[in-house]
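Trainee: Mind folding the following:
(one chain, ligands or ions: 1)
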Amino acid sequence: MITLVRGFKDILPAETALWQHLEDVARQLFDDFGFAELRIPVLEQTELFARSIGADTDIVEKEMYTFADRSGASLTMRPEATASVVRAYIEHKLYAKDPVWKLYTIGPMFRRERPQKGRYRQFYQINAEVFGLEDPRADAELILLLMTLMGRLELSGIMLHINSLGCAACRPHFKEALRSFLTESTAELCSDCLRRREKNPLRIFDCKVPACKEAMLDAPSILDHLCDQCRSHFETVQASLERFQIPYQTNHRLVRGLDYYTRTAFEVLAEALGAQDAVAGGGRYDSLVKALGGPDQPGIGFAIGVDRLIELLAHQRQGLEKRPHLFIAALGTGAQDRAFGWLQELRMQNVRTEMDFADRSLKAQMRRANKLGAPYVLIVGDRELEEGSAELRNMSTKEQEKVRLQDLVEVVVNKTRN
Ligand code: AMP
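Mentor: Numbering: from 1, shown residues only. So this is what the prediction gives:
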(Lines give C-alpha, C1' and ligand atoms only; values in the text may rest on other atoms or scores of the structure.)
Protein backbone atom coordinates (compact mmCIF):
# COMPACT_ATOMS: atom_id res chain seq x y z
CA MET A 1 0.00 0.00 0.00
CA ILE A 2 1.28 3.44 -0.85
CA THR A 3 0.79 5.73 2.13
CA LEU A 4 1.03 9.41 3.01
CA VAL A 5 4.39 11.14 3.12
CA ARG A 6 5.48 11.62 6.75
CA GLY A 7 4.26 14.90 8.21
CA PHE A 8 1.57 15.30 5.54
CA LYS A 9 -2.09 14.52 6.07
CA ASP A 10 -5.46 14.15 4.42
CA ILE A 11 -8.38 16.24 5.53
CA LEU A 12 -11.31 13.85 5.32
CA PRO A 13 -14.94 14.70 4.44
CA ALA A 14 -15.99 14.50 8.12
CA GLU A 15 -13.65 17.42 8.81
CA THR A 16 -13.99 19.59 5.73
CA ALA A 17 -17.33 21.11 6.78
CA LEU A 18 -15.55 22.78 9.70
CA TRP A 19 -12.70 23.94 7.46
CA GLN A 20 -15.24 25.49 5.11
CA HIS A 21 -17.12 27.11 7.97
CA LEU A 22 -13.90 28.62 9.29
CA GLU A 23 -12.94 29.92 5.85
CA ASP A 24 -16.43 31.35 5.30
CA VAL A 25 -16.30 33.23 8.61
CA ALA A 26 -12.81 34.50 7.79
CA ARG A 27 -13.75 35.64 4.28
CA GLN A 28 -16.80 37.49 5.60
CA LEU A 29 -14.69 39.21 8.22
CA PHE A 30 -11.99 40.20 5.71
CA ASP A 31 -14.76 41.67 3.64
CA ASP A 32 -16.04 43.68 6.61
CA PHE A 33 -12.53 45.02 7.23
CA GLY A 34 -11.91 45.95 3.58
CA PHE A 35 -9.44 43.20 2.65
CA ALA A 36 -9.19 41.71 -0.85
CA GLU A 37 -8.04 38.19 -1.60
CA LEU A 38 -4.73 37.53 -3.30
CA ARG A 39 -3.85 34.07 -4.62
CA ILE A 40 -0.17 33.33 -4.83
CA PRO A 41 1.73 30.28 -6.06
CA VAL A 42 3.13 27.54 -3.87
CA LEU A 43 6.55 27.62 -5.58
CA GLU A 44 8.90 30.58 -5.47
CA GLN A 45 12.54 31.19 -6.18
CA THR A 46 14.56 30.11 -3.15
CA GLU A 47 16.25 33.48 -2.93
CA LEU A 48 12.95 35.17 -2.04
CA PHE A 49 12.77 33.32 1.28
CA ALA A 50 16.48 33.39 1.99
CA ARG A 51 16.47 37.17 1.64
CA SER A 52 13.27 37.90 3.54
CA ILE A 53 12.96 35.37 6.35
CA GLY A 54 16.65 35.62 7.25
CA ALA A 55 19.56 33.28 6.61
CA ASP A 56 20.07 32.20 10.20
CA THR A 57 16.48 31.36 11.05
CA ASP A 58 15.33 27.77 11.62
CA ILE A 59 13.11 27.95 8.56
CA VAL A 60 15.84 28.89 6.10
CA GLU A 61 18.59 26.90 7.80
CA LYS A 62 16.87 23.56 8.00
CA GLU A 63 13.18 23.46 7.16
CA MET A 64 12.64 24.50 3.56
CA TYR A 65 11.62 22.09 0.80
CA THR A 66 14.16 23.31 -1.71
CA PHE A 67 15.03 21.53 -4.92
CA ALA A 68 16.66 22.15 -8.25
CA ASP A 69 14.18 22.41 -11.10
CA ARG A 70 15.06 20.42 -14.21
CA SER A 71 16.53 23.62 -15.61
CA GLY A 72 18.77 23.93 -12.56
CA ALA A 73 16.92 26.86 -10.91
CA SER A 74 16.62 26.59 -7.14
CA LEU A 75 12.94 26.56 -6.16
CA THR A 76 11.29 26.36 -2.75
CA MET A 77 7.81 25.31 -1.64
CA ARG A 78 6.73 28.35 0.31
CA PRO A 79 7.25 28.02 4.08
CA GLU A 80 5.16 31.15 4.74
CA ALA A 81 3.13 33.66 2.76
CA THR A 82 4.39 37.15 3.59
CA ALA A 83 7.44 36.96 1.32
CA SER A 84 5.27 35.93 -1.64
CA VAL A 85 2.67 38.60 -0.94
CA VAL A 86 5.40 41.25 -0.79
CA ARG A 87 6.89 39.90 -4.04
CA ALA A 88 3.49 40.18 -5.72
CA TYR A 89 2.93 43.71 -4.33
CA ILE A 90 6.25 44.76 -5.84
CA GLU A 91 6.14 42.72 -9.06
CA HIS A 92 2.68 43.98 -10.07
CA LYS A 93 3.46 47.51 -8.87
CA LEU A 94 0.34 47.49 -6.72
CA TYR A 95 1.91 50.35 -4.75
CA ALA A 96 1.70 52.57 -7.84
CA LYS A 97 -2.09 52.18 -8.00
CA ASP A 98 -2.43 52.87 -4.30
CA PRO A 99 0.22 52.53 -1.60
CA VAL A 100 -2.38 51.19 0.85
CA TRP A 101 -3.40 47.58 0.30
CA LYS A 102 -5.17 45.21 2.62
CA LEU A 103 -4.73 41.67 1.32
CA TYR A 104 -5.48 38.20 2.54
CA THR A 105 -4.55 34.79 1.33
CA ILE A 106 -5.47 31.24 2.36
CA GLY A 107 -3.44 28.16 1.52
CA PRO A 108 -0.87 25.51 2.38
CA MET A 109 2.67 26.12 3.65
CA PHE A 110 5.54 23.64 3.77
CA ARG A 111 8.20 23.27 6.44
CA ARG A 112 10.32 20.21 7.05
CA GLU A 113 9.99 20.33 10.82
CA ARG A 114 9.92 17.29 13.08
CA PRO A 115 6.30 16.13 12.89
CA GLN A 116 4.35 15.99 16.14
CA LYS A 117 0.89 16.87 17.41
CA GLY A 118 -0.01 20.26 15.96
CA ARG A 119 3.07 20.35 13.76
CA TYR A 120 2.90 19.18 10.18
CA ARG A 121 5.13 19.45 7.14
CA GLN A 122 2.22 20.73 5.09
CA PHE A 123 -0.08 22.96 7.09
CA TYR A 124 -2.56 25.68 6.23
CA GLN A 125 -2.53 29.36 6.99
CA ILE A 126 -4.87 32.29 6.68
CA ASN A 127 -2.68 35.34 6.13
CA ALA A 128 -3.47 39.03 6.27
CA GLU A 129 -1.07 41.72 5.11
CA VAL A 130 -1.46 45.51 5.14
CA PHE A 131 0.83 47.76 3.13
CA GLY A 132 1.39 51.49 3.22
CA LEU A 133 0.19 52.30 6.74
CA GLU A 134 2.69 53.37 9.36
CA ASP A 135 0.11 54.49 11.90
CA PRO A 136 -0.02 52.34 15.06
CA ARG A 137 -3.80 52.20 14.69
CA ALA A 138 -3.16 49.96 11.66
CA ASP A 139 -1.41 47.52 14.01
CA ALA A 140 -4.31 47.67 16.44
CA GLU A 141 -6.85 47.30 13.63
CA LEU A 142 -5.14 44.16 12.37
CA ILE A 143 -5.01 42.65 15.85
CA LEU A 144 -8.65 43.63 16.29
CA LEU A 145 -9.48 41.76 13.10
CA LEU A 146 -7.65 38.68 14.35
CA MET A 147 -9.34 38.73 17.75
CA THR A 148 -12.76 39.41 16.19
CA LEU A 149 -12.27 36.32 14.06
CA MET A 150 -11.49 34.29 17.16
CA GLY A 151 -14.63 35.76 18.75
CA ARG A 152 -16.86 34.99 15.76
CA LEU A 153 -15.57 31.43 15.83
CA GLU A 154 -16.50 31.32 19.53
CA LEU A 155 -12.99 30.37 20.51
CA SER A 156 -12.15 30.66 24.18
CA GLY A 157 -9.06 29.96 26.26
CA ILE A 158 -6.73 32.07 24.16
CA MET A 159 -4.37 34.89 25.11
CA LEU A 160 -2.85 37.63 22.99
CA HIS A 161 0.84 38.36 23.62
CA ILE A 162 2.40 41.51 22.25
CA ASN A 163 5.87 42.99 22.11
CA SER A 164 7.83 45.62 20.25
CA LEU A 165 10.99 44.59 18.45
CA GLY A 166 12.18 48.15 17.93
CA CYS A 167 13.54 49.52 14.68
CA ALA A 168 16.86 49.95 12.87
CA ALA A 169 17.63 52.86 15.21
CA CYS A 170 17.12 51.14 18.57
CA ARG A 171 17.37 47.39 18.00
CA PRO A 172 21.17 47.40 17.45
CA HIS A 173 21.62 48.90 20.94
CA PHE A 174 19.46 46.19 22.42
CA LYS A 175 21.36 43.48 20.54
CA GLU A 176 24.57 44.89 21.98
CA ALA A 177 23.09 44.88 25.51
CA LEU A 178 21.95 41.29 25.04
CA ARG A 179 25.35 40.24 23.70
CA SER A 180 27.19 41.70 26.65
CA PHE A 181 24.68 40.16 29.08
CA LEU A 182 25.31 36.76 27.48
CA THR A 183 29.08 37.20 27.46
CA GLU A 184 29.07 37.99 31.16
CA SER A 185 26.70 35.15 32.04
CA THR A 186 28.44 31.94 33.01
CA ALA A 187 25.69 29.72 31.63
CA GLU A 188 26.58 27.49 28.71
CA LEU A 189 24.82 28.21 25.46
CA CYS A 190 24.22 25.53 22.86
CA SER A 191 26.41 25.69 19.76
CA ASP A 192 23.55 27.21 17.70
CA CYS A 193 23.07 29.96 20.27
CA LEU A 194 26.79 30.67 20.49
CA ARG A 195 26.64 31.42 16.80
CA ARG A 196 23.38 33.35 17.22
CA ARG A 197 24.94 35.45 19.99
CA GLU A 198 27.21 37.02 17.40
CA LYS A 199 24.89 37.17 14.43
CA ASN A 200 21.40 37.52 15.84
CA PRO A 201 21.14 37.23 19.62
CA LEU A 202 17.35 37.84 19.65
CA ARG A 203 16.92 34.34 18.22
CA ILE A 204 18.18 32.90 21.52
CA PHE A 205 14.84 33.81 23.14
CA ASP A 206 13.29 31.09 20.94
CA CYS A 207 15.80 28.33 21.74
CA LYS A 208 14.21 25.31 23.42
CA VAL A 209 17.48 23.95 24.96
CA PRO A 210 17.05 24.09 28.77
CA ALA A 211 20.49 25.64 29.40
CA CYS A 212 19.79 28.42 26.91
CA LYS A 213 16.38 29.04 28.42
CA GLU A 214 17.99 29.36 31.82
CA ALA A 215 20.67 31.67 30.50
CA MET A 216 17.92 33.96 29.21
CA LEU A 217 15.92 34.10 32.46
CA ASP A 218 17.32 37.46 33.51
CA ALA A 219 17.94 38.74 30.01
CA PRO A 220 17.40 42.46 29.48
CA SER A 221 14.05 43.53 28.02
CA ILE A 222 13.85 45.11 24.60
CA LEU A 223 11.02 47.28 25.94
CA ASP A 224 13.61 49.11 28.06
CA HIS A 225 15.66 49.87 24.96
CA LEU A 226 13.08 51.30 22.56
CA CYS A 227 13.69 54.68 20.98
CA ASP A 228 11.08 57.41 21.58
CA GLN A 229 9.26 56.75 18.32
CA CYS A 230 9.06 53.01 18.89
CA ARG A 231 7.93 53.51 22.48
CA SER A 232 5.20 55.93 21.50
CA HIS A 233 4.11 53.60 18.65
CA PHE A 234 3.84 50.69 21.09
CA GLU A 235 1.91 52.79 23.60
CA THR A 236 -0.67 53.75 21.00
CA VAL A 237 -1.08 50.10 19.97
CA GLN A 238 -1.71 49.16 23.59
CA ALA A 239 -4.08 52.08 24.18
CA SER A 240 -6.08 51.09 21.09
CA LEU A 241 -6.34 47.48 22.26
CA GLU A 242 -7.59 48.70 25.61
CA ARG A 243 -10.12 50.94 23.93
CA PHE A 244 -11.60 47.90 22.17
CA GLN A 245 -11.32 45.83 25.35
CA ILE A 246 -9.00 43.25 23.88
CA PRO A 247 -7.17 41.53 26.72
CA TYR A 248 -3.42 41.15 26.13
CA GLN A 249 -0.13 40.53 27.88
CA THR A 250 3.09 42.27 27.00
CA ASN A 251 5.82 39.70 26.59
CA HIS A 252 9.32 41.02 26.03
CA ARG A 253 10.56 37.52 25.14
CA LEU A 254 8.33 37.30 22.09
CA VAL A 255 10.68 37.65 19.11
CA ARG A 256 9.00 35.49 16.39
CA GLY A 257 10.99 33.15 14.17
CA LEU A 258 11.52 35.43 11.20
CA ASP A 259 14.00 38.24 10.86
CA TYR A 260 11.96 40.82 9.05
CA TYR A 261 9.82 42.06 11.92
CA THR A 262 10.11 45.60 13.27
CA ARG A 263 8.17 47.21 16.10
CA THR A 264 4.91 45.41 16.92
CA ALA A 265 5.05 41.61 17.17
CA PHE A 266 2.20 39.49 18.47
CA GLU A 267 1.06 35.95 18.97
CA VAL A 268 -2.16 34.27 20.04
CA LEU A 269 -1.57 31.31 22.32
CA ALA A 270 -4.03 28.59 23.34
CA GLU A 271 -3.18 26.54 26.39
CA ALA A 272 -5.35 23.62 25.23
CA LEU A 273 -2.94 22.99 22.34
CA GLY A 274 -0.10 21.80 24.58
CA ALA A 275 3.48 22.17 23.36
CA GLN A 276 2.61 23.75 19.99
CA ASP A 277 0.42 26.42 21.52
CA ALA A 278 0.66 29.27 18.97
CA VAL A 279 -2.54 29.63 16.93
CA ALA A 280 -1.52 32.81 15.16
CA GLY A 281 1.37 35.19 14.97
CA GLY A 282 2.32 38.34 13.20
CA GLY A 283 3.95 41.69 13.29
CA ARG A 284 5.13 44.79 11.51
CA TYR A 285 7.79 44.59 8.81
CA ASP A 286 8.56 48.16 7.79
CA SER A 287 11.77 47.46 5.90
CA LEU A 288 10.82 44.27 4.05
CA VAL A 289 9.25 45.80 0.94
CA LYS A 290 12.34 47.91 0.34
CA ALA A 291 14.69 45.04 1.15
CA LEU A 292 13.01 42.97 -1.58
CA GLY A 293 13.49 45.72 -4.15
CA GLY A 294 10.24 47.67 -3.76
CA PRO A 295 9.52 51.21 -2.60
CA ASP A 296 9.96 52.24 1.02
CA GLN A 297 6.48 51.17 2.15
CA PRO A 298 5.69 49.83 5.59
CA GLY A 299 3.87 46.55 6.10
CA ILE A 300 2.22 44.54 8.82
CA GLY A 301 0.59 41.12 8.81
CA PHE A 302 -0.35 37.94 10.58
CA ALA A 303 -0.68 34.23 9.90
CA ILE A 304 -3.22 31.96 11.52
CA GLY A 305 -2.41 28.25 11.76
CA VAL A 306 -5.64 26.76 10.44
CA ASP A 307 -4.84 23.17 11.46
CA ARG A 308 -4.43 24.24 15.08
CA LEU A 309 -7.50 26.43 15.00
CA ILE A 310 -9.51 23.48 13.65
CA GLU A 311 -8.27 21.36 16.52
CA LEU A 312 -9.51 23.94 18.99
CA LEU A 313 -12.89 24.07 17.24
CA ALA A 314 -13.30 20.30 16.81
CA HIS A 315 -16.25 20.23 19.23
CA GLN A 316 -18.17 22.45 16.77
CA ARG A 317 -17.99 19.80 14.07
CA GLN A 318 -21.37 18.31 14.88
CA GLY A 319 -24.23 19.91 13.05
CA LEU A 320 -22.05 21.31 10.27
CA GLU A 321 -22.16 18.19 8.13
CA LYS A 322 -24.50 18.49 5.18
CA ARG A 323 -27.35 15.98 4.99
CA PRO A 324 -29.76 15.53 2.10
CA HIS A 325 -33.06 17.41 2.47
CA LEU A 326 -34.96 14.65 0.74
CA PHE A 327 -34.55 10.99 -0.09
CA ILE A 328 -36.70 9.52 -2.84
CA ALA A 329 -37.63 5.91 -2.20
CA ALA A 330 -38.75 4.80 -5.65
CA LEU A 331 -40.13 1.31 -6.17
CA GLY A 332 -40.33 -0.18 -9.63
CA THR A 333 -38.86 0.82 -12.99
CA GLY A 334 -41.42 3.51 -13.80
CA ALA A 335 -41.07 5.22 -10.41
CA GLN A 336 -37.28 4.95 -10.54
CA ASP A 337 -37.29 6.69 -13.90
CA ARG A 338 -39.52 9.55 -12.70
CA ALA A 339 -37.46 9.88 -9.53
CA PHE A 340 -34.26 10.27 -11.57
CA GLY A 341 -35.91 13.28 -13.27
CA TRP A 342 -37.03 14.84 -9.96
CA LEU A 343 -33.54 14.39 -8.57
CA GLN A 344 -32.19 16.82 -11.12
CA GLU A 345 -35.18 19.17 -10.94
CA LEU A 346 -34.98 19.45 -7.16
CA ARG A 347 -31.22 19.90 -7.10
CA MET A 348 -31.64 22.78 -9.54
CA GLN A 349 -33.83 24.35 -6.82
CA ASN A 350 -31.05 23.82 -4.23
CA VAL A 351 -32.84 20.91 -2.60
CA ARG A 352 -30.23 18.29 -1.69
CA THR A 353 -31.89 15.14 -3.00
CA GLU A 354 -30.73 11.53 -3.05
CA MET A 355 -32.16 8.25 -4.31
CA ASP A 356 -31.10 4.65 -4.49
CA PHE A 357 -30.43 3.38 -8.02
CA ALA A 358 -30.53 -0.27 -6.97
CA ASP A 359 -34.34 -0.46 -6.79
CA ARG A 360 -34.19 -2.35 -3.50
CA SER A 361 -37.07 -3.05 -1.10
CA LEU A 362 -38.83 -0.16 0.63
CA LYS A 363 -37.29 -1.28 3.92
CA ALA A 364 -33.77 -1.19 2.49
CA GLN A 365 -34.37 2.24 0.97
CA MET A 366 -35.78 3.62 4.24
CA ARG A 367 -32.68 2.32 6.02
CA ARG A 368 -30.51 4.19 3.55
CA ALA A 369 -32.58 7.39 4.01
CA ASN A 370 -32.10 7.07 7.77
CA LYS A 371 -28.39 6.54 7.41
CA LEU A 372 -28.07 9.65 5.27
CA GLY A 373 -30.15 11.57 7.82
CA ALA A 374 -32.72 12.91 5.34
CA PRO A 375 -35.56 14.67 7.20
CA TYR A 376 -38.08 13.84 4.43
CA VAL A 377 -38.60 10.75 2.29
CA LEU A 378 -40.76 10.70 -0.80
CA ILE A 379 -42.25 7.25 -1.27
CA VAL A 380 -43.38 6.47 -4.76
CA GLY A 381 -44.26 3.24 -6.53
CA ASP A 382 -45.88 2.44 -9.82
CA ARG A 383 -49.37 2.47 -8.20
CA GLU A 384 -48.81 6.02 -6.89
CA LEU A 385 -47.63 7.07 -10.34
CA GLU A 386 -50.90 5.90 -11.79
CA GLU A 387 -52.82 7.86 -9.16
CA GLY A 388 -50.67 10.91 -9.88
CA SER A 389 -49.50 11.27 -6.28
CA ALA A 390 -46.80 10.17 -3.83
CA GLU A 391 -46.37 9.93 -0.05
CA LEU A 392 -44.12 12.47 1.64
CA ARG A 393 -42.93 11.20 5.01
CA ASN A 394 -41.59 13.43 7.75
CA MET A 395 -38.92 11.24 9.33
CA SER A 396 -39.01 12.82 12.78
CA THR A 397 -42.80 13.01 13.30
CA LYS A 398 -43.43 9.88 11.17
CA GLU A 399 -46.39 11.69 9.62
CA GLN A 400 -47.13 11.08 5.94
CA GLU A 401 -49.03 13.25 3.54
CA LYS A 402 -50.17 12.74 -0.01
CA VAL A 403 -48.60 15.10 -2.52
CA ARG A 404 -49.86 15.52 -6.07
CA LEU A 405 -47.01 14.83 -8.47
CA GLN A 406 -47.66 18.03 -10.38
CA ASP A 407 -47.09 20.03 -7.15
CA LEU A 408 -44.20 17.88 -5.97
CA VAL A 409 -41.27 20.20 -6.65
CA GLU A 410 -43.06 23.21 -5.19
CA VAL A 411 -44.17 21.35 -2.04
CA VAL A 412 -40.73 19.89 -1.39
CA VAL A 413 -38.99 23.21 -2.01
CA ASN A 414 -41.32 24.90 0.51
CA LYS A 415 -40.89 22.17 3.12
CA THR A 416 -37.13 22.12 2.98
CA ARG A 417 -36.81 25.90 3.04
CA ASN A 418 -38.50 26.05 6.47
P1 AMP B 1 4.76 31.42 11.81
O2 AMP B 1 4.75 31.78 10.38
O3 AMP B 1 5.84 30.46 12.18
O4 AMP B 1 4.63 32.55 12.73
O5 AMP B 1 3.42 30.57 12.01
C6 AMP B 1 2.17 31.14 12.11
C7 AMP B 1 1.21 30.10 12.60
O8 AMP B 1 1.21 28.99 11.72
C9 AMP B 1 1.60 29.51 13.93
O10 AMP B 1 1.11 30.28 14.99
C11 AMP B 1 0.98 28.14 13.88
O12 AMP B 1 -0.37 28.21 14.28
C13 AMP B 1 1.04 27.79 12.43
N14 AMP B 1 2.16 26.86 12.15
C15 AMP B 1 3.45 27.16 11.96
N16 AMP B 1 4.17 26.06 11.70
C17 AMP B 1 3.30 25.02 11.71
C18 AMP B 1 3.42 23.61 11.48
N19 AMP B 1 4.58 23.05 11.18
N20 AMP B 1 2.30 22.85 11.59
C21 AMP B 1 1.11 23.41 11.88
N22 AMP B 1 0.93 24.72 12.08
C23 AMP B 1 2.01 25.53 11.99
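Trainee: need the contact list for the residue in the stretch 101-250 of the chain positioned nearest to the ligand.
Mentor: Closest to the ligand within the stretch 101-250 of the chain is Phe123: 3.4 Å, counting by C-beta to the nearest ligand atom. Using the backbone N, CA and C atoms, a C-beta is placed for each residue, glycine as well. By C-beta atoms under 8 Å, 6 or more residues apart in numbering, the contact set of Phe123 is 108-109, 111, 305-307.
Trainee: State the three-state secondary structure for it.
Mentor: Classification of Phe123 by DSSP: H, G, I helix; E, B strand; the rest coil places it in strand.
Trainee: could you pull out the helices for the stretch 251-400 of the chain?
Mentor: 288-291, 306-312, 333-348, 362-372, 382-387 (DSSP state H, counting those that start in this stretch).
Trainee: Can you confirm whether the second one lies near the ligand?
Mentor: Yes: in this structure, helix 306-312 sits against the ligand according to C-beta under 6 Å from any ligand atom; the contacting residues are 307-308.
Trainee: who touches that helix?
Mentor: 15, 18-19, 22, 106, 118, 120, 123-126, 153, 155, 157-158, 270, 272-273, 276, 278-280.
Trainee: Which of those residues fall within strands?
Mentor: Counting by DSSP state E, the part of the contacts of helix 306-312 found in strands is 106, 123-126, 158, 270, 278-280.
Trainee: okay, the contacts of Phe123 in TSV with neighbour count, pLDDT and distance to Met64 next?
Mentor: Shown next, in TSV, are these (neighbours: other C-beta atoms under 10 Å; pLDDT from 0 to 100; distance: C-beta to C-beta, whole Å):
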residue	neighbour count	pLDDT	distance to Met64
Pro108	16	98	14
Met109	21	98	11
Arg111	20	97	7
Gly305	23	98	18
Val306	23	98	20
Asp307	20	97	19
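Trainee: and of those residues, the nearest to Gln316?
Mentor: Ranked by distance to Gln316 (C-beta to C-beta), the contacts of Phe123 are led by Val306 at 14.1 Å.
Trainee: how many other residues sit next to the residue lying closest to Ile300 once chain neighbours are set aside?
Mentor: Spatial nearest neighbour of Ile300, chain neighbours left out: Arg284 (4.3 Å); criterion: C-beta to C-beta, 6 or more residues apart in numbering. Arg284 has 29 neighbours, counted by other C-beta atoms under 10 Å.
Trainee: which residues does Glu391 form a beta bridge with?
Mentor: Ile379, Lys402 (DSSP bridges).
Trainee: So which bits of the stretch 51-200 of the chain are right by the ligand?
Mentor: So the stretch 51-200 of the chain meets the ligand at 80, 111, 113, 118-120, 123, 125 (C-beta under 6 Å from any ligand atom).
Trainee: Identify all contacting residues around the lowest-mean-pLDDT helix or strand in the chain.
Mentor: Least confident helix or strand of the chain, by mean pLDDT, DSSP states H and E, is helix 58 with a mean of 84. With contacts defined as C-beta under 8 Å, 6+ apart, helix 58 is touched by 206, 257.
Trainee: And for stretch 164-171?
Mentor: Here stretch 164-171 makes contact (C-beta under 8 Å, 6+ apart) with 174, 202, 222-223, 225-227, 229-231, 233-234, 255-256, 261-265, 283, 286-287.
Trainee: residue contacts, Glu384?
Mentor: Contact partners of Glu384, counting by C-beta under 8 Å, 6+ apart, are 335, 390-391.
Trainee: Buried only: go through the residues you listed for me.
Mentor: Buried by 16 or more other C-beta atoms under 10 Å: 335, 390, out of the contacts of Glu384.
Trainee: Just list whatever residues bridge to the residue of the stretch 251-400 of the chain at minimum distance from the ligand.
Mentor: Relative to the ligand, the nearest point of the stretch 251-400 of the chain is Gly305 (1.9 Å; C-beta to the nearest ligand atom). As for beta bridges, Gly305 partners with Gln125 under DSSP bridges.
Trainee: I'd say it and Ala278 touch.
Mentor: Yes: the criterion here is C-beta atoms under 8 Å, and Gly305 meets it with Ala278 at 6.9 Å.
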